[in-house]
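1. Below are the sequence and a predicted model; questions follow.
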Amino acid sequence: MATNFTDMHKVPELRRRLLFTLGVLALYRVGVFITVPGVNRQAMQAMMGGGGGFFGLINLFTGGALKMMSIFALGIMPYISASIIMQLMTVVVPEVERLQKDEGEQGRRKVNQWTRYLTVVICVVQGFGISLYLENMHATGQGPDLLIQTGWGFRLMTVLTLTTGSIFVMWLGEQIDEYGIGNGISLVITASIIARFPDAVFQTYQKFSTGGITTFTILAILFIALVVTAFIVYMESAQRRIPLQYAKRMVGRRIYGGQQHHLPLKVNMSGVIPPIFASSMLIFPTTVASYFQDYAIGQQIQAVLVPGAWQYNLIYVALIIFFTFFYTAVQVNPVDMADNLKKSGAFVPGIRPGKRTAEYIDTVLTRLTTAGSVYLAGVCVMPYFIQDYMNVSFYFGGISLVITVSVGLRTVNEIENYLITREYDDFSETAGRRPGEAGQISGRDRD
């Protein structure tokens, strides 16, 4: 496939899609540096400082947009939160489940439309909360010269700006899905994460130059980062192949079937969704508690949900494991898979078709999901342990690395599939021509 990747620029359609995707991501990054009207960006950056706690998590998914109080400060997180709610509703509400499964493409479009409406509601609530938070910081003196004006004018402008910005980011992701290459929402998050890597490298270099980090620590960090990256690539590519046998059948005088195939089941069927969902769930209570800092309950919640604390890590791991099983159960139905295999005349050797096959697939899927959930939870909490034991900020692991590697692998696979499909189409067109035409075209191509 290395030769095919070097020939990517020779395929006009693929080249156009790649350039469109890069252009959309560049447009998103430009918008990150546009500040909300009425906010002093320098004062906002000074107030947030290092951006720890829930600010650090939000900045991770927005590429530092919250720290600059950008128009994209909410990023894609409201849409992700709305998607979580709609996924839960598919299990709780039968009407939503029917639309998702039985109505086909039209039902999925309706569910997506409801998700967009819910995204707007979440944006309005979060935007209004942020405006109140900024006014509180300005009034108490924690953010001097933070706001140019206060009152309902500023609140409405902030809500309108942040809501419009978040909806625009969601629209950019949908445009990548339709006209670009890869998953738009995942690429937007990945672009935000990658945008923070240069700053992380610079901060590490500063600590090294001032003697805060030794050469051995730098080498240890590089080694750990390489090992973790290789481990993520291995786990994301790992799969269990269930052998399948197709029954023989006679049609006329010919015998069809009897081939041997396999049913691939990935170890991590849910991808990067569980850690993103878990982070979103942890951001919400901390954000609400920040509005009630004068009360004991608000201070207690903020003290417990500090990234790196053992309470936070325990809840984080539990949420990742829960969402891994939940999302896998929503996306993969062993009963439907067993029915489809039975209808196509396929069966697992040694397993009776129907109910027994569904139970067997469910057992295998449960074991794979258990391994996948432990893998995701371990990688995501690993940076906190490294920071505690090595006394150094570890920027190159955890959820950021999982998302970057996973989305990169999926995008590369999509490009490979596109190139393979293109080569197959070209071969079919050439084979469909008359021998003379094919020879003339081949000769012209050689020239």
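-> That came through fine.

2. Could you check the pLDDT of residue 364?
-> Note for residue 364: predicted pLDDT of 91.

3. I should have written residue 167 there, sorry.
-> 93.

4. Now do it: how many residues are near it, please.
-> 17 (other CB atoms under 10 Å). Quick note: C-beta positions are derived from backbone N, CA and C, even for glycine.

5. for the one 5 residues further on, same thing?
-> One way to gauge burial is a neighbour count; for residue 172, by other CB under 10 Å, it gives 22.

6. likewise residue 186?
-> Quick note: residue 186 (other CB under 10 Å) scores 24 neighbours.

7. Is it within a helix or a strand, and which one?
-> helix 184-195 (DSSP states H and E).

8. Quick check: what element follows that helix along the chain?
-> Heading C-terminal from helix 184-195 (DSSP H and E), you reach helix 197-209.

9. Tell me which residues of the helix holding residue 186 come out buried.
-> Within helix 184-195, the residues that count as buried by 16 or more other CB atoms under 10 Å are 184-195.

10. ok, the residues you listed vs residue 19, which is closest?
-> The nearest member of the buried residues of helix 184-195 to residue 19, counting by CB to CB, is residue 187 at 13.9 Å.

11. Please enumerate the strands of the stretch 101-250 of the chain.
-> 239-246, 249-251 (DSSP state E, counting those that start in this stretch).

12. Please identify the most buried of these.
-> Counting by mean count of other CB atoms under 10 Å, strand 239-246 has the highest mean neighbour count of the strands of the stretch 101-250 of the chain, with a mean of 15.

13. tell me the mean pLDDT over that one?
-> Averaged across strand 239-246, pLDDT comes to 85.

14. Can you list the low-confidence ranges for the stretch 101-250 of the chain?
-> 101-104, 141-144, 248-250 (pLDDT under 70).

15. 90 instead, please
-> 101-115, 122-123, 125-155, 158, 174, 177-233, 235-250 (pLDDT under 90).

16. Tell me where it has helices.
-> 104-139, 152-179, 184-195, 197-209, 215-237 (DSSP state H, counting those that start in this stretch).

17. Just list what the fourth one packs against, helices and strands only.
-> In terms of contacts (3 or more CB pairs under 8 Å, 6 or more residues apart in numbering; DSSP states H and E), helix 197-209 is packed against helix 215-237.

18. In the helix it packs on, which residues are buried?
-> Quick answer for helix 215-237 (16+ other CB under 10 Å): 217, 221, 224, 228-229, 232, 235-236.

19. Give the full set of residues in contact with the closest residue to residue 376 other than its chain neighbours.
-> Spatially, and ignoring its direct neighbours in sequence, residue 376 is nearest to residue 320 (5.3 Å; CB to CB, 6 or more residues apart in numbering). Contact partners of residue 320, counting by CB atoms under 8 Å, 6 or more residues apart in numbering, are 274-275, 278, 373, 376-377, 380.

20. would you turn those residues into TSV with pLDDT and distance to residue 329?
-> Formatted as TSV, the contacts of residue 320 follow (pLDDT from 0 to 100; distance: CB to CB, whole Å):
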residue	pLDDT	distance to residue 329
274	86	12
275	84	17
278	83	16
373	91	12
376	90	16
377	89	17
380	85	20
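
21. Which of the residues you listed fall within helices?
-> The helices in this structure, assigned by DSSP state H, contain 274-275, 278, 373, 376-377, 380 from the contacts of residue 320.

22. mind putting the residues you listed in JSON lines, neighbour count included?
-> What follows is these, written out as JSON lines (neighbours: other CB atoms under 10 Å):
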{"residue": "274", "neighbour count": "27"}
{"residue": "275", "neighbour count": "26"}
{"residue": "278", "neighbour count": "24"}
{"residue": "373", "neighbour count": "22"}
{"residue": "376", "neighbour count": "28"}
{"residue": "377", "neighbour count": "21"}
{"residue": "380", "neighbour count": "23"}
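
23. Make TSV out of those and add distance to residue 90.
-> What follows is the ones in helices among the contacts of residue 320, written out as TSV (distance: CB to CB, whole Å):
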residue	distance to residue 90
274	16
275	21
278	19
373	20
376	22
377	24
380	25
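
24. Other residues contacting stretch 336-348?
-> So stretch 336-348 is contacted by 242-247, 249, 257, 261, 263, 353-355, 357-358, 360-361 (CB under 8 Å, 6+ apart).

25. and residue 413, what are its phi and psi?
-> When read as degrees, to the nearest 10, the backbone of residue 413 gives phi -60, psi -40.

26. tell me the contacts of it?
-> Residues in contact with residue 413 (CB under 8 Å, 6+ apart): none are found.

27. Can you give me the separation between it and residue 150?
-> As defined by CB to CB, to the nearest Å, residue 413 lies at a distance of 50 Å from residue 150.

28. what do you get for residue 203?
-> Taking CB to CB as the measure, residue 203 falls 34 Å from residue 150.

29. quick revisit: so which of the strands of the stretch 101-250 of the chain is nearest residue 130?
-> strand 239-246 (42.4 Å).

30. what about dumping the CA coordinates of that closest one to PDB?
-> What follows is strand 239-246 as a C-alpha-only set of coordinates in PDB (Å, rounded to 0.1, in the frame of the first residue of the first chain):
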ATOM      1  CA  GLN A 239      -9.700  -8.700  16.200                       C
ATOM      2  CA  ARG A 240     -11.100 -12.200  16.800                       C
ATOM      3  CA  ARG A 241     -12.100 -14.000  13.700                       C
ATOM      4  CA  ILE A 242     -14.900 -16.400  14.100                       C
ATOM      5  CA  PRO A 243     -14.800 -19.100  11.400                       C
ATOM      6  CA  LEU A 244     -17.800 -19.400   9.200                       C
ATOM      7  CA  GLN A 245     -18.800 -22.200   6.800                       C
ATOM      8  CA  TYR A 246     -21.400 -21.800   4.100                       C
END
